[in-house]
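Colleague: Compute the structure for the input listed below.
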Amino acid sequence: QVHLVESGGGLVQPGGSLRLSCAASGLTFGSYAMGWYRQAPGKERELVAVISNGGNTYYTDSVKGRFTISRDNAKNTVYLQMNSLEPEDTAVYYCAAGRFYSNLKSGTVSYWGQGTEVTVSS
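Modeller: Numbers count the residues shown, from 1 in each chain. Purely as a prediction, here's the structure:
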């Protein structure tokens with residue numbers, strides 16, 4: 001059974017930083033593209049960032065230059081470093097795994113985590 005467990009969310013002031021982690025189990029981690037999606041209150045879930053099993057990355061425009069996605073295949077973990085956080089980044093952040101990088105970018109997700117909440121507020 002596949003499990004994706006997120007951690008690292010919380011309350012942070014505007015301009016601050018957070019690092020999200022997603023620990024995966026039950027799948028061949030190195031064979032999957034991994035990504036982060038988010039869902040703000042009253043809005044649809046949206047793609048934030050994706051990393052291929054080879055390390056290629058994609059970011060939605062609103063987070064380019066502020067967020068960095070990375071992965072550690074030895075630890076079966078994907079990270080999202082979030083800097084210069086803005087109130088508009090407030091959302092529940094979901095870890096996602098997909099068999100193919102291009103599919104994950106387009107929303108074809110094989111597995112979802114339960115989400116971790118990020119609140120950016122003064």
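Colleague: Quick check: phi and psi at His64.
Modeller: Small correction: residue 64 is Lys, not His. phi -60, psi 130 (degrees, to the nearest 10).
Colleague: Just the helices from this protein, written as ranges.
Modeller: With DSSP state H applied, the chain shows helices at 101-105, listed in chain order.
Colleague: distance from the centroid: which residue in it tops it?
Modeller: Ser122 (23.3 Å; CA atoms, centre = their mean).
Colleague: Centre of the chain to the helix or strand of the chain with the lowest mean pLDDT, how far?
Modeller: Scoring the helices and strands of the chain by mean pLDDT, DSSP states H and E places helix 101-105 at the bottom, with a mean of 90. Helix 101-105 has its C-alpha centroid displaced from the chain centroid by 13 Å (CA atoms, centre = their mean, to the nearest Å).
Colleague: which strands and helices sit next to it?
Modeller: strand 33-39, strand 46-51, strand 91-98 (3 or more CB pairs under 8 Å, 6 or more residues apart in numbering; DSSP states H and E). Heads up, the C-betas are built off the backbone N, CA and C, glycines and all.
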